[in-house]
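*Asks:* I would like the atomic coordinates for the input below:
(chains A and B)
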Number of protein chains: 2
Amino acid sequence: MKTYLDCIPCFLRQALEMARMSSSDPAIHEHVLREVLSWVSHMDMNVPPPVMARRIHRYLKKLTNNPDPYQEVKLQQMTLALKLAEEFRAKIKHSPWPFGWAARLAIGANVIDSGINVDISETAVRHTLQLALEEDLIGDLVELEREVQSANEVLYLADNAGEIVFDRLLIERIKPAKVTVVVRGAPILNDATIKEAQMAGLHEIATIISSGVDAPGILLDEASPELKTAWERANIIIAKGQGNFETLWGINRPIYFLFKVKCAVVAKHVGWPVGTFMAIKNQPKECFQSAPEPASW
Amino acid sequence: MKTYLDCIPCFLRQALEMARMSSSDPAIHEHVLREVLSWVSHMDMNVPPPVMARRIHRYLKKLTNNPDPYQEVKLQQMTLALKLAEEFRAKIKHSPWPFGWAARLAIGANVIDSGINVDISETAVRHTLQLALEEDLIGDLVELEREVQSANEVLYLADNAGEIVFDRLLIERIKPAKVTVVVRGAPILNDATIKEAQMAGLHEIATIISSGVDAPGILLDEASPELKTAWERANIIIAKGQGNFETLWGINRPIYFLFKVKCAVVAKHVGWPVGTFMAIKNQPKECFQSAPEPASW
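*Replies:* You can find the predicted model right below:
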């Protein structure tokens, strides 16, 4: 997905939040904001939005000499998710359709996203997770279940810390031994890295690899050799979160995008309102040549 | 009030809205946004936010050769307000405290603000006006009534089109002959100019003058000679709207600021949440020297 003009105010908001997360010095906040303003004034709008988030984050890491400003936030989010997961694991187990419930909860947990909202309370997350079991959902989880169960190799592109604990609940409902979980190549926002995947215990049941990319999305040109290999071998790919949607939507592979629509730009792009639960499959490439920005499907 | 870093994402959002209001050409939208990004990257943060809104608007007017992009919107807002005003004029007349009710409605009508929200429906405005009669209000309308009734000359700084019709309802409760109404010196956003003041019939009951300033606030250095004279002569000044608050707060004159808190930055500045109805009086200058950015009062 390209960058829309409406993404620009959001880049500035994110830059300010990232700067405040990285440093308590107002001079650094102002300096970073002015830098980002200058970059955005010349940016190529054909790249997906996560590329700008990556650039801001890289700059902040260097400026503040802090390789992981969201470390503490991620730890809080992991702790919260690990606590909530036990409660919801029991619900999944006793549900009429464990795969469907686990998939819905994994999408619901996508609300734990510091790119959108730094302040995520236990009450808000529990509320979203409970709603996730009933919400209307665009897509077809029955078809997703059929495809992953019949696949030999499933690639699972993770998104955020916290959320990854609920990804585990879904992966448990697939055959975990055939699942490869892809995490970010380096810390970026509150996105999950190998560390958080391990905290969720995913290394005990599935294969974990690094994307090789330090952006809040997958940029295939920069993917690690492990991801490139797994990408080609996978029969089905599950991509969690809006960032992965923004970087991968339109690529000709069998990808299911599982996310909550989090901003007006993506809402307009997909044709469904902010807050919608999505579990949509990539269309074949041909569809996009005539309709690169579908209003709905 | 200085410009805060948090104003910057809002400038970009406003620039995009203004550009879309001024032209249907996406190339112009992108061009303007890139220009504004470049300006903001070098801007002086000590000027109040309306100065940037003015610069964007001036640039758009020149670029599109359209001296008043909000003309149609203002006409709609005036028509809506004139319709609603009759309904509320009757309520004021039969109320236990006509001045207090008129003041509350004039503050409520401040919701008709294209700088914050381009899409303002009749339902939303009527709802806000009805709420305005009951909402908690920070400030002292009894004191305001006492001061305006005993004043010889009252200066009334208007804000938006539509809203100005409700300003008339308040001015009718003062002695209109001693009121001078100040409108913007040129079209800017949906702010009221002489044209809208006349549509509200204010010229029939009070004196109308131009501020001489084409910004959504009063910049005293640039004020018209008429405003400068009236400013010095007035015993009491009523400043409507957040823009006038942003440009005049802290100036050592007896000014009552009547507005709804419309953004997080001003909310933080005044110490009251977004949506709060304000009718607060300027503090003497000495207060500000020790506390230029009060958290509350």
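*Asks:* enumerate the residues of chain A near chain B.
*Replies:* A:5-6, A:8-10, A:12-13, A:16, A:26, A:29-30, A:33-35, A:37-38, A:40-42, A:45 (C-beta under 8 Å from any C-beta of the partner chain). All C-beta spots, glycine's among them, are computed from the backbone N, C-alpha and C.
*Asks:* now the buried members of these.
*Replies:* A:5-6, A:8-10, A:12-13, A:16, A:29, A:33-35, A:37, A:40-41 (16 or more other C-beta atoms under 10 Å in any protein chain shown).
*Asks:* out of the residues you listed, which two are the most distant from each other?
*Replies:* Distance extremes for these: the farthest pair is A:5 and A:29 at 24.1 Å, using C-beta to C-beta.
*Asks:* residue boundaries of the helices in the stretch 51-200 of chain A?
*Replies:* A:71-93, A:98-108, A:122-132, A:141-150, A:163-171, A:194-199 (DSSP state H, counting those that start in this stretch).
*Asks:* ranking those by mean neighbour count, which comes first?
*Replies:* Comparing the helices of the stretch 51-200 of chain A on average neighbours per residue, with mean count of other C-beta atoms under 10 Å in any protein chain shown, the densest one is helix A:163-171 at a mean of 28.
*Asks:* identify the residues contacting that helix?
*Replies:* A:78, A:81-82, A:84-85, A:88-89, A:92, A:99, A:102-103, A:105-106, A:108-110, A:112-113, A:129, A:156, A:158, A:179, A:181, A:183, A:192, A:196-197, A:199-202, A:205-206, A:240-241 (C-beta atoms under 8 Å, 6 or more residues apart in numbering or on different chains).
*Asks:* give the burial count for residue A:274, as a bare number.
*Replies:* A count of nearby residues for residue A:274, using other C-beta atoms under 10 Å in any protein chain shown, gives 13.
*Asks:* apologies, that question was intended for residue A:188.
*Replies:* Neighbours around residue A:188, by other C-beta under 10 Å: 26.
*Asks:* do the same with residue A:229
*Replies:* Neighbours of residue A:229 under the rule other C-beta under 10 Å: 13.
*Asks:* model confidence at residue A:217, what's the number?
*Replies:* Per-residue pLDDT puts residue A:217 at 97.
*Asks:* and chain A, what are its domains?
*Replies:* Per automatic domain parsing, the domain ranges recorded for chain A read A:7-64, A:71-290.
*Asks:* closest to residue B:175 out of those domains?
*Replies:* domain A:7-64 (45.2 Å).
*Asks:* in the stretch 151-297 of chain A, what residue comes closest to chain B?
*Replies:* In the stretch 151-297 of chain A, the residue found nearest to chain B is residue A:264; the distance is 10.8 Å by C-beta to the nearest C-beta.
*Asks:* that residue against residue A:275, yeah?
*Replies:* No. Residue A:264 is beyond contact range of residue A:275, at 11.0 Å (criterion: C-beta atoms under 8 Å).
*Asks:* which residues does residue A:132 contact?
*Replies:* A:104, A:105, A:107, A:108, A:109, A:277.
*Asks:* just put the residues you listed in TSV and tack on pLDDT and distance to residue B:145.
*Replies:* Shown next, in TSV, are those (pLDDT from 0 to 100; distance: C-beta to C-beta, whole Å):
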residue	pLDDT	distance to residue B:145
A:104	97	57
A:105	97	57
A:107	96	56
A:108	94	53
A:109	95	55
A:277	95	53
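*Asks:* for residue A:233, what are its contacts?
*Replies:* Going by C-beta under 8 Å, 6+ apart, residue A:233 touches residue A:153.
*Asks:* excluding sequence neighbours, find me the nearest residue to residue A:31.
*Replies:* Nearest non-adjacent residue to residue A:31, counting by C-beta to C-beta, 6 or more residues apart in numbering or on different chains: residue A:63, 7.7 Å away.
*Asks:* dump the residue contacts of the one you found.
*Replies:* Residues counted as contacts of residue A:63 (C-beta under 8 Å, 6+ apart) are A:22, A:23, A:28, A:31, A:32.
*Asks:* which stretches of chain A form strands?
*Replies:* Under the criterion DSSP state E, chain A carries strands at the ranges A:137-139, A:154-157, A:179-183, A:207-210, A:236-240, A:255-260, A:277-281.
*Asks:* okay, these in CSV with mean neighbour count next?
*Replies:* Compiled in CSV, those are given as follows (neighbours: other C-beta atoms under 10 Å in any protein chain shown):
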stretch, mean neighbour count
strand A:137-139, 17
strand A:154-157, 27
strand A:179-183, 25
strand A:207-210, 19
strand A:236-240, 26
strand A:255-260, 25
strand A:277-281, 20
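*Asks:* okay if I get those as a markdown table plus distance to residue B:215?
*Replies:* Compiled in a markdown table, the strands of chain A are given as follows (distance: least, C-beta to C-beta, whole Å):
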| stretch | distance to residue B:215 |
| --- | --- |
| strand A:137-139 | 45 |
| strand A:154-157 | 48 |
| strand A:179-183 | 49 |
| strand A:207-210 | 52 |
| strand A:236-240 | 46 |
| strand A:255-260 | 40 |
| strand A:277-281 | 43 |
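*Asks:* ok, which of those strands comes nearest residue A:71?
*Replies:* With C-beta to C-beta, the closest approach to residue A:71 among these belongs to strand A:179-183: 14.9 Å.
*Asks:* the closest one packs against which elements?
*Replies:* Packed against strand A:179-183 by the contact rule (3 or more C-beta pairs under 8 Å, 6 or more residues apart in numbering or on different chains; DSSP states H and E) you find strand A:154-157, helix A:163-171, helix A:194-199, strand A:207-210, helix A:225-233.
*Asks:* quick check, pLDDT for the residue lying closest to residue A:89 once chain neighbours are set aside.
*Replies:* For residue A:89, ignoring the flanking residues on the chain, the nearest one in space by C-beta to C-beta, 6+ apart is residue A:169 at 5.9 Å. Listed pLDDT for residue A:169 reads 98.
*Asks:* now swap in residue A:125 and tell me
*Replies:* 89.
*Asks:* again with the one 10 residues further on
*Replies:* Per-residue confidence for residue A:135 comes out at a pLDDT of 91.
*Asks:* and it, what does it touch?
*Replies:* Applying C-beta under 8 Å, 6+ apart, one finds that residue A:135 lies in contact with A:104, A:108, A:277.
*Asks:* cool, and residue A:19?
*Replies:* Residue A:19 touches A:28, A:29, A:32, A:33, A:60, counting by C-beta under 8 Å, 6+ apart.
*Asks:* try residue A:218
*Replies:* Per C-beta under 8 Å, 6+ apart, neighbours of residue A:218: A:157, A:182, A:211, A:227, A:239, A:244, A:247, A:248.
*Asks:* before we move on, the earlier item: let's have the helices of the stretch 51-200 of chain A in JSON lines, adding distance to residue B:219.
*Replies:* Listed next are those as JSON lines, based on distance: least, C-beta to C-beta, whole Å:
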{"stretch": "helix A:71-93", "distance to residue B:219": "41"}
{"stretch": "helix A:98-108", "distance to residue B:219": "49"}
{"stretch": "helix A:122-132", "distance to residue B:219": "42"}
{"stretch": "helix A:141-150", "distance to residue B:219": "58"}
{"stretch": "helix A:163-171", "distance to residue B:219": "48"}
{"stretch": "helix A:194-199", "distance to residue B:219": "51"}
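*Asks:* lowest-confidence stretch among those?
*Replies:* Looking at the helices of the stretch 51-200 of chain A, the bottom one is helix A:122-132 with a mean of 90.
*Asks:* dump that helix to CSV, keeping only the CA atoms.
*Replies:* Taking Å, rounded to 0.1, in the frame of the first residue of the first chain, the C-alpha atoms of helix A:122-132 are listed here in CSV:
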residue,chain,number,x,y,z
GLU,A,122,-6.0,-4.2,31.0
THR,A,123,-9.7,-3.2,31.0
ALA,A,124,-9.5,-2.0,27.4
VAL,A,125,-7.7,-5.1,26.2
ARG,A,126,-10.0,-7.5,28.0
HIS,A,127,-13.0,-5.6,26.7
THR,A,128,-11.7,-5.9,23.1
LEU,A,129,-10.9,-9.6,23.5
GLN,A,130,-14.4,-10.3,24.7
LEU,A,131,-15.9,-8.3,21.9
ALA,A,132,-13.6,-10.1,19.4
